[in-house]
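Peer 1: Provided below are the primary sequence and the corresponding predicted coordinates.
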2 protein chains.
Amino acid sequence: MALIVQKYGGTSVGSVDRIRNVAKRVAKTHDQGNDVVIILSAMAGVTDSLIKLAHEASPRPNKRELDVLLSTGEQTTVALLSMILRDMGYSATSLLGFQADIRTDAQSCSARIISIGGDRIQDLIRERHIVVVAGFQGHDERGNITTLGRGGSDTSAVAIAAAIHADTCEIYTDVDGIYTTDPNICHKARKMDRISYDEMLEMSSLGAKVLQIRSVEFAKKYNVPVHVRSSFNEEEGTMVVNEDDAMERLVVSGVTCNKDQARITLKKVPDQPGISAKIFTPLADAKIQVDMIIQNTRTGGETDLTFTVSKADFREATEISKKVAEQIGATEVLTADNIAKVSVVGVGMKNHSGVAATMFSALAKENINIRLISTSEIRISCMIEEKYAELAVRVLHSAFNLDKEPC
Amino acid sequence: MALIVQKYGGTSVGSVDRIRNVAKRVAKTHDQGNDVVIILSAMAGVTDSLIKLAHEASPRPNKRELDVLLSTGEQTTVALLSMILRDMGYSATSLLGFQADIRTDAQSCSARIISIGGDRIQDLIRERHIVVVAGFQGHDERGNITTLGRGGSDTSAVAIAAAIHADTCEIYTDVDGIYTTDPNICHKARKMDRISYDEMLEMSSLGAKVLQIRSVEFAKKYNVPVHVRSSFNEEEGTMVVNEDDAMERLVVSGVTCNKDQARITLKKVPDQPGISAKIFTPLADAKIQVDMIIQNTRTGGETDLTFTVSKADFREATEISKKVAEQIGATEVLTADNIAKVSVVGVGMKNHSGVAATMFSALAKENINIRLISTSEIRISCMIEEKYAELAVRVLHSAFNLDKEPC
């Protein structure tokens, strides 16, 4: 008997029949004597349809009102699942964001959870209700509806799990778990049994797309064990947990690839204090996310500065950079959007030297030129030409022995 | 400069383009210096689609959850209208039922409004916001979402108008106003300029379908002037107001017809105290609405008792009646569902004799047999064979001089 939070994504609730399958799984968990709290996304495609509808009404929909509109998606699925569970004889009650008191800041469309008043949920659990909470949504201090941004239901689930001290948070999705790399790119990709929060954070941000990164930050902060698994079979998935000894045996846990990258280089930037701020402040003002930043030390008081942005922001970032270059006296702005970032991730690399060497030689052996390198404590990323992306993933997957089951 | 509540029905907000038209009308009213509060229905057809979706999930959808689902309809339209108004440069803010604090009882799917906390609306008005409130929905004491039943947005509008002491409540619909009878049946039907609350109550309940009856009760109770008009043109519609002297000049204001009727007669019911309760209590328990009830006095300690129900309830009501007939010793149960009710309505009839005589002779002249008669202070209804319904409406419309403009 445990307190289990289960979150089902858009594909898992993509039709009434699929919601019926979800209901069976929920019922089974409840029948085993567990208390269950369910968090649902909108039906697959619904959020996109709603955004389209909003754009029919307005070229730039007011964000507060967009949240009012978008929140109907999860409102629909929680009502349907609760109806089905009621028909099956269970006491089920849906709660919307404001009813579950998921308090957020006032940042419409990308709100952050501030607190969760778990009382209503816990009262219902005590009465042995199955509580079905709308993911992705909350309400701000003034009672306005807010949404948490793409993938926000993952964060809802983990945050609720933390607030009610759940034993585990199961994230049901359309994949079996977290893989050593993208199985569509490398057929030797293997499902991992476990991965640490930190590795998952690096994997999420690098494009693994299975979990919203903020949900992993939450899980790490509140030490919530997250079980990523498929809603279409009974297999165990991947546990995302605190780093443990067993994990350290593996130097590299996974290889990721992100093609949504574009590169901008400012040549001969005067090497003065404050110059970086002059470059990145206008980008930040334009809400452009900068990913990698690399500055090469140079002699002669000048330096080259390179950074990457997503392809969507490329044109705007280029324009801004050209203006800044003129102001600060950089000689030239070079750009490229045919690039990709491949990374190896692993908590084990903290205690092992030679990871970088292995990575670089593996790529060199295939004549893949590395344009940029950046590292974190548990990650090494290389920027390469986009056309080599899949090849690079496969050779790195082999080079770090991920093709075989770990011993 | 006035405080104006405008309610737009499903057809008026049936597409994004139509919502854009609504926005123009709203903007114009605001530009004239008025404060405006808008109440919207769901897009035409949406509530039906949601009910269909619910029935895909469950043969008898749990009502609390059905309300959660249904309330998404109005949530969508208020968000879209607010976005469009924002684009046009107006400060517009949508409020859902719980945000506008429309407090109802806990009767899911047919809740009644208990109170409206107009503070949030009035705060926004003071800031010259256009407030766009979701009709049809409220919340109960425990924060559950409730809905007000078919046509409930009319009641939302009138109740809000009463709560914020609006100068007028305009109900925009797809017809020009209230007609002396159904123009589809009688091409000589004329739009009325004014009608009293009491007449409108009789007209609503008899099937005029333009205003939800509860909205008229509210309007009468709080003396809210209601202006029923079309959202597709600029014509004045019909004012629903307190009875005044001018009205009394007309003996009959309108003729209505209701074909959704079925008749059940219990023959030779023992004429004892409490016998009616024995018949109608089981019907009430089954939530069957009984319309007309007629009991003929008879000699010999027995009586015939006839009542009418809607066609949807006919089968169940018949079964219940047969059981009851057996218990109380009535000899026979006669039923018919090929009947219609035609009525003439008018506050003037209070002071005029001869209305019934005129009505009965007009019908007799066409050899239309009257099966049942019932009356209120301002209405006379006759039950006739369904096939004569349209004919009866036309002859009554002529008989009471409604074909001509009133002098």
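Peer 2: Thanks, I have it.
Peer 1: and A:Glu170, that's in a helix?
Peer 2: No. Secondary structure assignment (DSSP: H, G, I helix; E, B strand; the rest coil) places A:Glu170 in strand, not in a helix.
Peer 1: give the contact list for it.
Peer 2: Residues near A:Glu170 by Cβ atoms under 8 Å, 6 or more residues apart in numbering or on different chains: A:4-7, A:226-227, A:229. C-beta here means a position set from N, CA and C on the backbone, and glycine is covered the same way.
Peer 1: how about the stretch 101-250 of chain A: which residue is closest to chain B?
Peer 2: Residue nearest to chain B within the stretch 101-250 of chain A: A:Gly143 (5.6 Å; Cβ to the nearest Cβ).
Peer 1: hmm, back to that, let's have the contacts of A:Glu170 in JSON lines, adding pLDDT.
Peer 2: Putting these into JSON lines (pLDDT from 0 to 100) gives the following:
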{"residue": "A:Ile4", "pLDDT": "98"}
{"residue": "A:Val5", "pLDDT": "98"}
{"residue": "A:Gln6", "pLDDT": "98"}
{"residue": "A:Lys7", "pLDDT": "97"}
{"residue": "A:Val226", "pLDDT": "96"}
{"residue": "A:His227", "pLDDT": "96"}
{"residue": "A:Arg229", "pLDDT": "94"}
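Peer 1: of all those, which two lie farthest apart?
Peer 2: Using Cβ to Cβ, the two most remote members of the contacts of A:Glu170 are A:Val5 and A:Arg229, lying 13.1 Å apart.
Peer 1: ok, the two, which is more surrounded?
Peer 2: Regarding A:Val5 and A:Arg229, a neighbour count based on other Cβ atoms under 10 Å in any protein chain shown identifies A:Val5 as having more, with 30 against 21.
Peer 1: mind listing what the helix or strand containing that one pairs with, with the direction of each?
Peer 2: In the assignment (DSSP states H and E), A:Val5 maps to strand A:3-8. Each strand paired with strand A:3-8, and its direction, by DSSP bridges: strand A:35-40 (parallel), strand A:168-173 (parallel).
Peer 1: near chain B, which residues of chain A?
Peer 2: A:16, A:19-20, A:53-54, A:56-62, A:64-66, A:68-69, A:71-72, A:75-76, A:78-80, A:82-84, A:86-87, A:93-94, A:96, A:98-99, A:143-145 (Cβ under 8 Å from any Cβ of the partner chain).
Peer 1: looking at the residues you listed, which are in helices?
Peer 2: A:16, A:19-20, A:53-54, A:56-57, A:64-66, A:68-69, A:72, A:75-76, A:78-80, A:82-84, A:86-87 (DSSP state H).
Peer 1: quick one: the strands in the stretch 301-407 of chain A, in order.
Peer 2: A:302-309, A:332-345, A:372-376, A:379-385 (DSSP state E, counting those that start in this stretch).
Peer 1: Throw the ones you listed into a markdown table and include mean pLDDT, thanks.
Peer 2: What follows is these, written out as a markdown table (pLDDT from 0 to 100):
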| stretch | mean pLDDT |
| --- | --- |
| strand A:302-309 | 88 |
| strand A:332-345 | 93 |
| strand A:372-376 | 86 |
| strand A:379-385 | 92 |
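Peer 1: gap between A:Lys323 and chain B?
Peer 2: 29 Å (Cβ to the nearest Cβ, to the nearest Å).
Peer 1: once you drop chain neighbours, what's closest to that residue?
Peer 2: Spatial nearest neighbour of A:Lys323, excluding adjacent residues (Cβ to Cβ, 6 or more residues apart in numbering or on different chains): A:Pro282 at 7.6 Å.
Peer 1: in the helix or strand encompassing the one you found, what's buried?
Peer 2: Here A:Pro282 sits within helix A:275-285, counting by DSSP H and E. For helix A:275-285, the neighbour count (16 or more other Cβ atoms under 10 Å in any protein chain shown) marks A:275, A:279-280, A:282-283 as buried.
Peer 1: cool, stretch A:13-30 as well?
Peer 2: A:13-14, A:16, A:18-23, A:25-27, A:29-30.
Peer 1: how about those residues, which pair is most distant?
Peer 2: Among those, A:Gly14 and A:His30 lie farthest apart (Cβ to Cβ), at 22.6 Å.
Peer 1: A:Val269 is in contact with A:Glu302, correct?
Peer 2: Yes. Under the criterion of Cβ atoms under 8 Å, A:Glu302 makes contact with A:Val269 at 6.5 Å.
Peer 1: higher neighbour count, these two?
Peer 2: Neighbour tally, A:Glu302 and A:Val269, criterion other Cβ under 10 Å: the higher count belongs to A:Val269, 24 against 15.
Peer 1: distance of A:Glu74 relative to B:Ala157?
Peer 2: 28 Å (Cβ to Cβ, to the nearest Å).
Peer 1: what's the burial count for the closest residue to A:Ile378 other than its chain neighbours?
Peer 2: Excluding the flanking residues, the one nearest A:Ile378 by Cβ to Cβ, 6+ apart is A:Val347, at 5.2 Å. A count of nearby residues for A:Val347, using other Cβ under 10 Å, gives 22.
Peer 1: please apply the same query to A:Gly33.
Peer 2: Quick note: A:Gly33 (other Cβ under 10 Å) scores 8 neighbours.
Peer 1: domain parsing for chain A?
Peer 2: A:3-243, A:255-399 (automatic domain parsing).
Peer 1: confidence-wise, which of the ones you listed is weakest overall?
Peer 2: For those, mean pLDDT drops lowest on domain A:255-399, to a mean of 89.
Peer 1: ok so, going back, pretty sure the residue of the stretch 101-250 of chain A closest to chain B sits against A:Phe98.
Peer 2: Yes. Under the criterion of Cβ under 8 Å, A:Gly143 makes contact with A:Phe98 at 7.0 Å.
Peer 1: now the buried members of the ones in helices among the residues of chain A next to chain B.
Peer 2: Buried among these (16+ other Cβ under 10 Å): A:16, A:19-20, A:53-54, A:56-57, A:64-66, A:68-69, A:72, A:75-76, A:78-80, A:82-84, A:86-87.
Peer 1: how close does A:Lys267 get to A:Leu305?
Peer 2: Distance from A:Lys267 to A:Leu305, by Cβ to Cβ: 9 Å.
Peer 1: which neighbours do these two share?
Peer 2: The contact lists of A:Lys267 and A:Leu305 share A:Ala330, where a contact means Cβ under 8 Å, 6+ apart.
Peer 1: which one's more surrounded, these two?
Peer 2: For A:Lys267 and A:Leu305, the more surrounded residue by other Cβ under 10 Å is A:Leu305, and the numbers stand at 22 against 15.
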